[in-house]
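A structural model of the following input is requested.
(2 chains)
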There are 2 protein chains.
Amino acid sequence: MANDVKRLKAHLAEVYDLECAGSVLGWDQQTQMPPGGGAQRANVLSTLSRLAHHRFASRATERLLDAAESEVASLPDDHDDRCLVRHTRREYERSRKLPDAFVAAWTQDATLSNEVWRVARKANDFAAFAPHLAKMVEYARRAADYYGWEAHPYDALLEGYEPGMTSADVERVFAGLRTEQVALARAIAEQPSPRVDFLSREYPLEAQRRVGLAVAEAFGYDLSRGRLDIAPHPFETSFGRDDVRITTRYSLDEPTESLYATWHETGHALYEQNIAPELARTPLSGGCSLVFHESQSRMWENIVGRSRGFCEYAFPLLQDAFPDALADVTPDDWYRGVNRVRPSLIRVEADEVTYNLHVMLRFDLERALVEGRLSVADLPNAWRAKMEEYLGVTPPDDRDGVMQDSHWSGGSIGYFPTYALGNVMAAQIYETVTRQRPALEEEIGRGEFSGLRDWLTEAIYRHGRKFTPRELALKVNGAPLDSAPYLRYLKRKYTEIYNL
Amino acid sequence: MANDVKRLKAHLAEVYDLECAGSVLGWDQQTQMPPGGGAQRANVLSTLSRLAHHRFASRATERLLDAAESEVASLPDDHDDRCLVRHTRREYERSRKLPDAFVAAWTQDATLSNEVWRVARKANDFAAFAPHLAKMVEYARRAADYYGWEAHPYDALLEGYEPGMTSADVERVFAGLRTEQVALARAIAEQPSPRVDFLSREYPLEAQRRVGLAVAEAFGYDLSRGRLDIAPHPFETSFGRDDVRITTRYSLDEPTESLYATWHETGHALYEQNIAPELARTPLSGGCSLVFHESQSRMWENIVGRSRGFCEYAFPLLQDAFPDALADVTPDDWYRGVNRVRPSLIRVEADEVTYNLHVMLRFDLERALVEGRLSVADLPNAWRAKMEEYLGVTPPDDRDGVMQDSHWSGGSIGYFPTYALGNVMAAQIYETVTRQRPALEEEIGRGEFSGLRDWLTEAIYRHGRKFTPRELALKVNGAPLDSAPYLRYLKRKYTEIYNL
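Numbering: from 1, shown residues only, chains lettered A, B, ... in the order given. Got it, this is the predicted structure:
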């Protein structure tokens, strides 16, 4: 390895380690930390983020980048080192726009805000959470101003989650999806519901955990480099490719909640565990973008996990784990039950047809908050109005309404669109895989997931952040993000299930 | 608060936060981390320790100290700020002797060594562990040379755990203890054993956890600022006074192992949870020294937890938790059973009479390793020979022999003497408390622990590191460390139990 790149890598490794420490502390905060620990945790996370930012956004990084850029200029365009330098330059130019003190204060307040959210959500007490959320909105607005923006401040935030994407792009995609998904949901609403009585029986928690994890392992989740815990909001986090953790949450009479959350997070985890080891401890050791990351969680959760083939494979495992609840149920009942479409309150539990409407609602509200058109005080009412408009349901309280997701509490504003776009990308990738592996659904029906996983590793996972989302989309699908495969997928699947 | 002290505190808060992050990652490594995570964890811990050391051992610290020293010179001698500056000066002078790179490498190798120890111990494979242990010995020797020493390199290491103590001091105390404790053990060996059949029955693990924790809470352990987990070697760790965690380990047929480990670690936790909040996020927010820390763990574990009064209080709880195992057992049986004296293999499970002999053995071997008189290759044999000499027992393997403790694997060489000295200090403090609260044993018999805990908080816990161990001993007991109360305690207690 050339010397300038080597020096750059050594410099960035320290930044990576500090971020990695922050991630461990974040995981601990969500899964293990006693309530009293919040204040000092906020201090520590703030210090870590300030040090990492200070080092990364420094003149030292710029000098090392300048030198490394000359050195990699003659390397092939997709050489690891050249990709590293290119990616780091982009991140550096963005990162240096934020002052260290701003990053530190944002992290500190976001940590405290997340602690308050957790308690306030349980207590259904939006008033307690509101001042913290208002701070998070203010940080997002200030961050957008630091970053700079042309059409909309939201673009500056979105760029952090999905480089190269603007809110105009999102609007365009969402407009196309909305018409089609609303029409599909309406058509389905006129059909009789499949049988779902068995989905609210008693499913012992330990068996939920066991079978959820067994399937995750069958997907390829390596528990010698991972673990499953409980968190109020399911998530995946990684501290390098060899320590990739997932969380879920359990309800006795809602087995699909824990199972599909586990398999969703497993999709994220498969991505992280299969990044090339050569990229370890560099800024390239992570998923390409949130759309790509969510494409994987949503693919394993839904396109795989809610497919007929998967249900035929998994049903015997489920029946073995839950002999009482599933005694009078067939694999076909299970398949139709877990694909039941109806407007509902909770995004993470929504069916595939209505899911994106939950995201569109959040996208609308986020933009209104960031623009200042909507105040935090008015947010719960705006939420209810949007739920009625988009889904025709009214949340009975804020816990299952505006406070249901953890994202805003932790300062993540501009993240939500990537879930819906992830659905779109997932279907597009899956169509590509299926063209190359026509027997894929049959493999899945036999519980053979290595064909799909290896394909995804080769095409996507191993590359980490070597390419931009647009570059990677072109490499994988030969085309940029496109809604058509997703709409084809939804229509084909639900026309069959609901006899449309 | 004056400005120079304020600046010093802000500077030190960052060091504290980095150390705190390292402690969280260390806890995670011992209790949660999947096996694959070890290598990157070593990188992260190494980076954190290097940054903390770099900042603390810097000219910036010195300048801030110089300024703060003038500022606090007119404050009362025991003013928090004056104590802070005095303590920080001492730590600074010691810390700056180590190069950053040495600290980073030591942390990195110690993290990896601890991972290897965990696997090697399970597999009883000393050969796999030996090269890592050899590295740890070499680091300790080099650290001693960096710190500088006069009589013995071991003194330089001991100073890090027990400021002001030398190996000559330890030898003197140990010589006195050895004669008396060996004589006591011999006298006891001639007496019939108390009944212990019930201590190897089946004790369901969940009930062990429940009753262990219930007593810990009765002692005063605040679970809103703490938690209990499982670790291969029990320990306590804290991330500020409001997040203080303990661990234990469980065997189905050895209930006293988990219970007394839990109560031992609770003693450490009570200390940390009751440090004055004013000292938070400063170098004074921690126990005075390891002897003081161990005095508290050993006091709550043994002087309290193995007292007749405690056994009378706790036995109904235990019988309720373990109705089958304890059906035919009386409180007096329990009291005599948990105080049974006999030479044994494992330090942490040893009775009070023979415990210090386990420590003396380690002290001898550590000094021999540090001097270079003993090689790591010869250590298992030396261990066996010393076990026969000191305790008259021979370990059947290295797992329950030389590999039983985690300390050496993590680079802690020079730590062990503080356990035995902690026993001595515990008895001395307890004699002082009893003089002032003659009804203490009766309170304990009624399950009232707040009198003792509040006394200890007032006299010891709240002060954190404001005073040196010698200063604190004088404040608490009016005398320096003294073995007489400990020997009185042992003789009185065991003469009664064994009718000597």
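
A:Arg336: neighbour count?
As a burial measure, A:Arg336 scores 18 neighbours (other CB atoms under 10 Å in any protein chain shown). In this view, the C-beta of every residue, glycine as well, is placed from N, C-alpha and C.

Which residue, other than its chain neighbours, is closest to it?
A:Pro194 (3.7 Å; CB to CB, 6 or more residues apart in numbering or on different chains).

same deal with A:Ser113?
Once flanking residues are discounted, A:Ser113 sits nearest to A:His132: 3.8 Å by CB to CB, 6+ apart.

That neighbour sits in which helix or strand?
helix A:126-147 (DSSP states H and E).

now the very next helix or strand once past that helix against helix A:126-147, angle please.
Next along the chain after helix A:126-147, taking DSSP H and E as the criterion, comes helix A:153-161. Orientation of helix A:153-161 against helix A:126-147 (axes from the mean of the first three to the mean of the last three CA atoms, to 10 degrees) gives an angle of 90 degrees.

Mind listing what's buried along the helix holding A:His132?
Residues A:126, A:129-130, A:132-137, A:139-141, A:143-144, A:147 are the ones in helix A:126-147 that count as buried (16 or more other CB atoms under 10 Å in any protein chain shown).

and of these, the nearest to chain B?
Nearest to chain B, judged by CB to the nearest CB, of these is A:His132 at 19.3 Å.

Mind listing what's buried along the longest helix along chain A?
In chain A, taking DSSP state H as the definition, the longest helix is helix A:3-31. For helix A:3-31, a neighbour-count test (16+ other CB under 10 Å) marks A:4-5, A:7-9, A:11-31 as buried.

other SSEs contacting that helix?
In terms of contacts (3 or more CB pairs under 8 Å, 6 or more residues apart in numbering or on different chains; DSSP states H and E), helix A:3-31 is packed against helix A:38-56, helix A:59-72, helix A:80-95, helix A:100-122, strand A:236-238, strand A:244-248, helix B:3-31, helix B:38-56.

Looking at the stretch 351-500 of chain A, which residue is nearest chain B?
A:Gly464 (14.8 Å).

Double-check that residue against A:Arg281; I have them as touching.
No - A:Gly464 is beyond contact range of A:Arg281, at 11.5 Å (criterion: CB atoms under 8 Å).

Might you enumerate the residues of chain A proximal to chain B?
Neighbours of chain B within chain A, by CB under 8 Å from any CB of the partner chain: A:13-14, A:17-18, A:20-22, A:24-25, A:28, A:32-37, A:39-41, A:43-44, A:46-48, A:51, A:222-227, A:239-240, A:242-243, A:245, A:280-281.

again, 7 Å this time
Contact residues, chain A versus chain B (CB under 7 Å from any CB of the partner chain): A:14, A:17-18, A:20-21, A:24-25, A:28, A:32-37, A:39-40, A:43-44, A:47-48, A:51, A:223-227, A:239-240, A:242-243, A:281.

I'd like the distance between the residue nearest to A:Ser113 and A:Gly411.
10 Å (CB to CB, to the nearest Å).

Kindly report the same for A:Leu48.
For A:Leu48 relative to A:Gly411 (CB to CB), the value is 15 Å.

Mind checking which of the two has more residues around it?
Taking neighbours as other CB under 10 Å, A:Leu48 and A:Gly411 compare with A:Leu48 leading, 28 against 22.
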